[in-house]
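1. Sequence first, predicted model second:
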Amino acid sequence: MSRLFLNLVIWTLCICCVSVNAQLLPDNKSLNAQSVARWMQTNRAIAPIVQVVDSMNATDAVLKAFEALPPAEQDQKINALLKSKNLLENANQITQKHGWKSVGEYMRLSTKLGNAIAAYFLFGDLGKVTGEQEKQLKEKADPAVLAVPQIDIDFVKKNEKALQKYIQAYGAGR
């Protein structure tokens, strides 16, 4: 009977530990102050890794096909590339240090933020142009930028000061 009780206690502790651990994982899918702060802290350290990953999508068609994959498959492809370049261990150290589950997760948030900033500029400009100019701007705009949810644009607007260096670099085309 005591062995059964001990097993029950151990299982209860394990379940509690897993549940507490799950609650402590950061939200890296939506734009919020914590995810963007973590993203900014990660930028310099992960830049060489991102350059290698970016090189695997040499054409727009390859990039679109890659972006259409589920996140788990994207991560598998990224990990395979990094492993082949002997960079996977370094990449994992960087992502774990800054609270990312993978390089792909970091890059997906980066894309989300970049699109939100582009949408912020685009929709801000639309209020200052004629109807014909607005139509032309929308025709030239990336569909991903046009699809940015208003909540993400509002986040950029609300946090413009904190994002200022990145916004300036984005506006300068860097």
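-> Received it, and whenever you're ready, just let me know what you need. Predicted, not measured: the structure shown is a model, and the values here were computed from it. Numbering: from 1, shown residues only.
2. Who are the contact partners of the most centrally placed residue in the chain?
-> Central residue of the chain (Cα atoms, centre = their mean): L109, 1.2 Å from the mean position. The neighbourhood of L109, defined by Cβ atoms under 8 Å, 6 or more residues apart in numbering, consists of 28-29, 31, 35, 39. All C-beta atoms are positioned from the backbone trio N, CA, C, and that covers glycine.
3. Separate out the buried members of those residues.
-> For the contacts of L109, a burial check counting by 16 or more other Cβ atoms under 10 Å picks out 28, 31, 35, 39.
4. between the residues you listed, which is closest to E67?
-> Among these, N28 lies closest to E67 (Cβ to Cβ), at 17.1 Å.
5. pretty sure the closest one is in contact with V36, am I right?
-> No: counting by Cβ atoms under 8 Å, N28 sits too far from V36 to count as a contact (10.2 Å).
6. Give me the residues contacting stretch 90-106.
-> With contact meaning Cβ under 8 Å, 6+ apart, stretch 90-106 is reached by 25-26, 28, 38-39, 41-42, 45-46, 49-50, 53, 71, 74-75, 78-79, 82.
7. With stretch 142-152 instead?
-> Applying Cβ under 8 Å, 6+ apart, the external contacts of stretch 142-152 come out as 31, 111-112, 115-116, 118-119, 122, 138.
8. now it: mean pLDDT?
-> Across stretch 142-152, the average pLDDT comes to 93.
9. count of neighbours near L122?
-> 19 (other Cβ atoms under 10 Å).
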